[in-house]
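Trainee: Mind folding the following:
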Amino acid sequence: MKKILIVGAGGQIGTELKTYLRERYGEANVIAADLQANPSDQYSIQLDAMDASALSLIVNKHKIDTIYNLVALLSARGEQDPALAWKINMGALLNALEVARQYGCQVFTPSSIGAFGPDAPKENTPQDTIMHPTTVYGICKVTGELMSNYYYQRFGVDARSVRFPGIISNASLPGGGTTDYAVEVFYSAVKGEKFICPIPADRRMDMMYMPDALDALHDLMTADSDRLVHRNGYNVTAMSFSPEILFAKIKERIPTFEYEYAVDPIKDSISSGWPDSLDDNCARIEWDWNPKWGLDAMVDDMISVLRKKLL
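Mentor: Predicted coordinates:
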């Protein structure tokens, strides 16, 4: 039975990944670590991901064999303090890789569509293409992919990652990403509030519903190592839409929904350099990636779940 440590377990992905993995491997085999321990969770512990010694002690004590490193300052937040974003994003990754080298652990760290820049192909962006990101978040993600590959080639650390698009969740709000609008809009619509959108109406970006994101994590980490050619930075996607397309879908289901645009210059600048759509054939070929959720099914489920939660 695997022994898993989720670092950054209190974030958008970590909150749901904890439940997802515990259903498969058992409560006691999935340790949830974050800056603050959850007192209602007996397998939750306090950890500063920047403290390599503390991370090493936890891995040793709990006989961890798999580390999910989810610690990051996201794209829009990172632009407010680039030095801090680099320190946290790269520091947490390097600590995870070093501890994994010491104890022979697998490591997962999410990459992002933010790793691409404005000179990458916008449509069906290939797995292997030019990558010149213009944000510190994107720079961290490209560096993280390269460093993870280095640790695999140099030390044999089984590090793997996917380039996530925007992730939409009904369980937790995101925290400082460029695609946050695609979650926040559902809360406004269900509560009957007008939504102010910070992204241009026609700005298409790839997205994914959280159940598919969790499957991607698990499927890659359990894939046969011999099949993996790329190992790190796999393109994965499930749907691509603009705010106007998404809002029209919501209005079909909630006719009273109102919205307007007040474009945020930073989010506009960041999103303008991202792909409109990704080519994820390498993930499909190398580890059988196959998303299950499309736009209509996601919109129906988000509204249904949030109505039960908020009303």
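Trainee: residue ranges for the strands of the stretch 101-250 of the chain, please.
Mentor: For the stretch 101-250 of the chain, the strands defined by DSSP state E, counting those that start in this stretch occupy 106-108, 111-112, 158-160, 162-164, 166-168, 195-197, 205-209, 234-235, 239-241.
Trainee: Most tightly packed of those?
Mentor: strand 234-235 (a mean of 28; mean count of other C-beta atoms under 10 Å). In short, each C-beta sits where N, CA and C put it, glycine included.
Trainee: pLDDT averaged over it, what's the number?
Mentor: Averaged across strand 234-235, the pLDDT comes to 98.
Trainee: can you give me the offset of it from its chain's centre?
Mentor: 12 Å (C-alpha atoms, centre = their mean, to the nearest Å).
Trainee: Stretch 92-101 now?
Mentor: 19 Å.
Trainee: quick one: contacts for the residue lying closest to residue 294 once chain neighbours are set aside?
Mentor: Spatial nearest neighbour of residue 294, excluding adjacent residues (C-beta to C-beta, 6 or more residues apart in numbering): residue 239 at 5.9 Å. If you count contacts by C-beta atoms under 8 Å, 6 or more residues apart in numbering, residue 239 has them with 206-208, 293-295, 298.
Trainee: Now tabulate those residues in a markdown table and tack on pLDDT.
Mentor: What follows is the contacts of residue 239, written out as a markdown table (pLDDT from 0 to 100):
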| residue | pLDDT |
| --- | --- |
| 206 | 94 |
| 207 | 96 |
| 208 | 97 |
| 293 | 98 |
| 294 | 97 |
| 295 | 98 |
| 298 | 98 |
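Trainee: As JSON lines, the residues you listed with distance to residue 121 would be great.
Mentor: Listed next are these as JSON lines, based on distance: C-beta to C-beta, whole Å:
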{"residue": "206", "distance to residue 121": "13"}
{"residue": "207", "distance to residue 121": "19"}
{"residue": "208", "distance to residue 121": "20"}
{"residue": "293", "distance to residue 121": "25"}
{"residue": "294", "distance to residue 121": "23"}
{"residue": "295", "distance to residue 121": "23"}
{"residue": "298", "distance to residue 121": "26"}
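Trainee: Map the structural domains onto the sequence of this protein.
Mentor: Split into domains by automatic domain parsing, the chain comes to 4-165+210-235, 167-206+238-276+293-310.
Trainee: any idea how far the longest one is from the chain center?
Mentor: Using C-alpha atoms, centre = their mean, the distance from the centre of domain 4-165+210-235 to the centre of the chain it belongs to is 9 Å.
Trainee: Give me the contacts around the helix or strand of the chain with the lowest mean pLDDT.
Mentor: When each helix and strand of the chain is scored by mean pLDDT, DSSP states H and E, helix 75-80 comes last, with a mean of 88. With C-beta under 8 Å, 6+ apart as the test, helix 75-80 has contacts from 84-85, 89, 112, 114, 135-138, 140, 175-178, 180, 264, 266-267, 270.
Trainee: Just the buried residues of these.
Mentor: Buried members of those, counted by 16 or more other C-beta atoms under 10 Å: 85, 89, 112, 114, 135-138, 140, 176-178, 180, 264, 266-267, 270.
Trainee: residues in contact with residue 243?
Mentor: If you count contacts by C-beta under 8 Å, 6+ apart, residue 243 has them with 181-182, 185, 197, 199-203, 261.
Trainee: typo on my end, residue 84
Mentor: 73, 78.
Trainee: Within the helices and strands, which one has it?
Mentor: helix 82-103 (DSSP states H and E).
Trainee: what about the closest residue to residue 192 other than its chain neighbours, how many neighbours?
Mentor: Once flanking residues are discounted, residue 192 sits nearest to residue 256: 6.7 Å by C-beta to C-beta, 6+ apart. For residue 256, the neighbour count with other C-beta atoms under 10 Å is 7.
Trainee: returning to that earlier point: would you mind telling me which of the strands of the stretch 101-250 of the chain is nearest residue 72?
Mentor: Closest to residue 72 of these, according to C-beta to C-beta: strand 111-112, at 8.7 Å.
Trainee: Tell me where this protein has helices.
Mentor: Secondary structure of the chain (DSSP state H): helices at 12-25, 52-61, 75-80, 82-103, 136-155, 181-191, 210-221, 243-253, 265-272, 281-287, 295-310.
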